[in-house]
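Engineer: my questions concern the predicted model and sequence given below.
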Amino acid sequence: MSIKVKILGSNSAAPAHKRNQTSQLLTIEGHLYLMDCGEGTQLQLKRYRVPIQRINNIFISHLHGDHYLGIMGLLSTMHLMGRKKPLNLYGPPGLAEIITLQLKYSETVFNYQVNFHPVDTKANKLIHEDDFIRVYTIPLNHRIPCAGFLFAEKPKKRRIIKDKIPEGFSVKNIIKLKNGEDIYDGDGNIIYHHTQMTLPPKRVYKYAFCSDTKYDESIIPIIQDADMLYHETTFMEEHEDRAANTYHSTTKQAATIAKKANVGMLLMGHFSIRYKELEPLKYEAQSIFPNSHLAIEGEDFILDDIS
């Protein structure tokens, strides 16, 4: 498994039709990354048995309530459960003030450090890097400052063929082989070719999360060739004017972005509460981009499965 996206919430504005507000959990090599944290997110995490203390990085796209109102409850629960590890929180500058104010008037001091990283929502920048991924901002065209996030896996190491490793082979030499290096004897002769002892690295993947935005082709160069794109689809095409006035997108607009960016798959969400049934939205998007799917809560989308 390379990248897995679990849908925790897929509705816009308010919870309705058994759908919660925007939130997704990204799993990469066993590491958990939370994107947006609408009201009820921690209940969804509990429902799907996600170990919340393993979440070390949270990304908030913007400060409309349906994308962040669950953050204080989640942080507080982590505190009450005895968290000690620092947590990285990425979001618009005002988010730190919101959290600080609530801690002030509740006279609460967390057991752990929250490292706040203000996000420049107008620039495409690297904001997070660890052993597995790099995360870049995607400037979005919304009514207030808003940024999406591009998760790009780092190049992976070659894979050892266990049957070809002799007994007593050193860890140092295994690391060399995984890094694509040959093993030499004392006279400088190659005794083990890395191409014979290892398999090529597994491919890397990119996932683009575009929360709230009106139709804007300026994001295409950033998300180009992403393996999976989440793009909001608040409205069907008949409400195109409503979408433009509220800085949101329609099904066909999201599908057009997916097609022009040559992504592998489109994941649709942020559905208006006017839609109880979602299949019509999917069919409308599929008329433009056939590999379009609904972000149904509780479902997992695994990139290895769609490559």
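Structural biologist: Right, received. Where do you want to start?

Engineer: now do the SS call for residue 218.
Structural biologist: Of the three states, residue 218 takes helix under DSSP: H, G, I helix; E, B strand; the rest coil.

Engineer: quick one: contacts for it?
Structural biologist: 139, 141 (Cβ atoms under 8 Å, 6 or more residues apart in numbering). (Glycine included, C-beta is placed from N, CA and C.)

Engineer: pLDDT score for it?
Structural biologist: Per-residue pLDDT puts residue 218 at 97.

Engineer: just residue 188 next, same as before
Structural biologist: Looking at residue 188, its pLDDT stands at 85.

Engineer: that one and residue 179, how far apart?
Structural biologist: 19 Å (Cβ to Cβ, to the nearest Å).

Engineer: the more surrounded of the two?
Structural biologist: Set side by side, residue 188 and residue 179 show unequal neighbour counts under other Cβ atoms under 10 Å, the larger going to residue 179 at 11 against 6.

Engineer: isn't that one right up against residue 155?
Structural biologist: No. Taking contacts as Cβ atoms under 8 Å, residue 179 lies outside contact range of residue 155: 10.8 Å.

Engineer: so who does the closest residue to residue 99 other than its chain neighbours touch?
Structural biologist: Nearest residue to residue 99, sequence neighbours excluded (Cβ to Cβ, 6 or more residues apart in numbering): residue 72, at 6.5 Å. Counting by Cβ under 8 Å, 6+ apart, residue 72 touches 98, 99, 102.

Engineer: in the one helix or strand residue 72 maps to, what's buried?
Structural biologist: Taking DSSP states H and E as the criterion, the element that holds residue 72 is helix 71-80. By neighbour count on 16 or more other Cβ atoms under 10 Å, the buried set for helix 71-80 is 71, 72, 74, 75, 76, 78, 79.

Engineer: what's the closest of those to residue 192?
Structural biologist: Nearest to residue 192 among those, counting by Cβ to Cβ, is residue 78 at 46.8 Å.

Engineer: how near is that closest one to residue 188?
Structural biologist: 54 Å.

Engineer: please apply the same query to residue 289.
Structural biologist: In terms of Cβ to Cβ, residue 289 sits 55 Å off from residue 188.

Engineer: cool, residue 263 as well?
Structural biologist: Residue 263 is 48 Å from residue 188, by Cβ to Cβ.

Engineer: repeat for residue 84
Structural biologist: 50 Å.

Engineer: please apply the same query to residue 159.
Structural biologist: 27 Å.

Engineer: and residue 283, helix, strand or coil?
Structural biologist: helix.

Engineer: what of the one 10 residues further on?
Structural biologist: Taken by three-state DSSP, the conformation at residue 293 corresponds to strand.

Engineer: ok, for it, nearest residue in space, not its chain neighbours?
Structural biologist: Using Cβ to Cβ, 6+ apart, the closest residue to residue 293 is residue 267 (5.6 Å).

Engineer: can I assume the one you found sits in a helix?
Structural biologist: No. Counting by three-state DSSP, residue 267 falls outside a helix, being strand.
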